[in-house]
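J.: Whatever this is, show me its structure:
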Amino acid sequence: MNGLEIAKEYYEQYGKPMLEAEFSDILPLLAVGFVGSGSERFGFDDEISRDHDFEPGFCIFLPDEQYIDSKTEFKLERAYSRLPKEFKGLKRQGVSPVGGNRNGIIRTADFYRNAIGCPDGNLTLPQWLELPDYALAEAVNGEVFYDGFGEFTDIRNKLIHMPEDIRLKRLAGNLLIMAQAGQYNYQRCLDHNEPEAAQFACNEFVDAAMKTVFLLHNRYQPYYKWSFRALRQIEGRELLAERLSFILLGDHSDKAIAEEKFYMIEDVASEIIAELHKQEITDAICGDLEKHAYSVNDRIKDGDIRNLHILTAIQ
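T.: Numbering: from 1, shown residues only. The predicted model follows:
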């Protein structure tokens, strides 16, 4: 079982009966789930993940004190702390006296404030521009097991997809980086006999390409160490993931491999251009990603966002 499955079963066996028996009066005001930071919230955990910050547990989300006061919050904390200390061979961690726990009793506003800097999910366009994808991914990952009040889910739904103009701005910037790093600079660096610079070009191309693919699928790219795993889970992009892996890891000191990398960069570019046309967000008819970058930017409806530097939204 992965961490998400463990959390859900732990809630069903112990958390849900506790809430129904001891807090039936406020249960309609609560939300319960397993979301936030950590590989287990994405379903990416394994045996290695269990060496730190891993425990059977779940989150109980509370509205503000207008609905549930601090005294009741304390009672909930006490009740949660009394749940079994071991489950499926895993031990629960002690509650930190200074906060920072990822499970247990959490105010909904505090969760979203910590995740994205906004307690209610009503982000402005400038805020959307600045927020990194991994933060947004952690705000909407995992699973909500129960939401009687609806507040937690309502905020979550506001964040599931970024505004279209922000998506286009980020796409435009990443397409431009792909063009510069992969289609232009990689081969030039090799021609200049600068293999280190060529490797940097590969890194930049792969990073921008991955961000582009997630944006094209309206998904948030998680923290870098889970990005390839998440990419391989996108249906139809398995081969692209392998191509990007080769571009990133292949030894370009071998001329044959360097040439194969160059052609693979063009293959990746072609696949992405095809998707841009499929989504009807580019008017350019060519293999030059730079032209597509500016064409995508021209599709932005908000004039202020469209006229910002094309790399404004790049993280």
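
J.: center of this structure - which residue?
T.: Centroid-nearest residue in the chain: Ala137, 2.8 Å away (criterion: C-alpha atoms, centre = their mean).

J.: Kindly provide the distance from it to Asp298.
T.: 28 Å (C-beta to C-beta, to the nearest Å). Heads up, the C-betas are built off the backbone N, CA and C, glycines and all.

J.: count of neighbours near the closest residue to Tyr223 other than its chain neighbours?
T.: Leaving aside its sequence neighbours, Tyr223 sits nearest to Tyr134 (C-beta to C-beta, 6 or more residues apart in numbering; 4.5 Å). For Tyr134, the neighbour count with other C-beta atoms under 10 Å is 17.

J.: Run through the residues that contact Tyr134.
T.: Counting by C-beta atoms under 8 Å, 6 or more residues apart in numbering, Tyr134 makes contact with Tyr220, Gln221, Pro222, Tyr223, Tyr224.

J.: Show the pLDDT at it.
T.: pLDDT for Tyr134: 95.

J.: That one sits in which helix or strand?
T.: Per DSSP states H and E, Tyr134 falls inside helix 133-140.

J.: Would you map the helices across the stretch 151-300 of the chain?
T.: Listed in chain order, the helices of the stretch 151-300 of the chain (DSSP state H, counting those that start in this stretch) span 151-159, 164-178, 186-191, 195-216, 227-232, 238-249, 255-278, 289-298.

J.: Return the distance of the lowest-mean-pLDDT helix or strand in the chain from the chain's centre.
T.: Lowest by mean pLDDT, DSSP states H and E among the helices and strands of the chain is strand 90-91, with a mean of 80. With C-alpha atoms, centre = their mean, to the nearest Å as the basis, strand 90-91 stands 27 Å off its chain's centre.

J.: which residues touch that strand?
T.: So strand 90-91 is contacted by Ile6, Arg50, Phe54, Glu55, Pro56, Lys85 (C-beta under 8 Å, 6+ apart).

J.: buried stuff in stretch 110-120?
T.: By 16 or more other C-beta atoms under 10 Å, the buried positions in stretch 110-120 come out as Phe111, Tyr112, Asn114, Ala115, Ile116, Cys118, Pro119.

J.: Run through this protein and note the low-pLDDT ranges.
T.: 49-53, 94-100 (pLDDT under 70).

J.: list the helices and strands the helix or strand just after the least confident helix or strand of the chain packs on?
T.: Using DSSP H and E, the helix or strand that follows strand 90-91 towards the C-terminus is strand 104-107. When contacts are defined as 3 or more C-beta pairs under 8 Å, 6 or more residues apart in numbering; DSSP states H and E, strand 104-107 sits against strand 59-62, helix 70-81.

J.: Quick one: distance of the first one to the chain centre.
T.: Between the mean C-alpha location of strand 59-62 and the chain-wide mean there is a distance of 21 Å, by C-alpha atoms, centre = their mean.

J.: what do you get for stretch 237-251?
T.: Distance, stretch centre to chain centre, for stretch 237-251: 21 Å (C-alpha atoms, centre = their mean).

J.: Show me what counts as buried in it.
T.: Residues Arg237, Leu240, Ala241, Arg243, Leu244, Ile247, Leu248 are the ones in stretch 237-251 that count as buried (16+ other C-beta under 10 Å).

J.: Run a quick neighbour tally on the residue lying closest to the fifth one once chain neighbours are set aside.
T.: Beyond its immediate neighbours in the sequence, the residue positioned closest to Leu244 (C-beta to C-beta, 6+ apart) is Val206, lying 4.9 Å away. Here the count is done by other C-beta under 10 Å, and Val206 has 24 residues near it.
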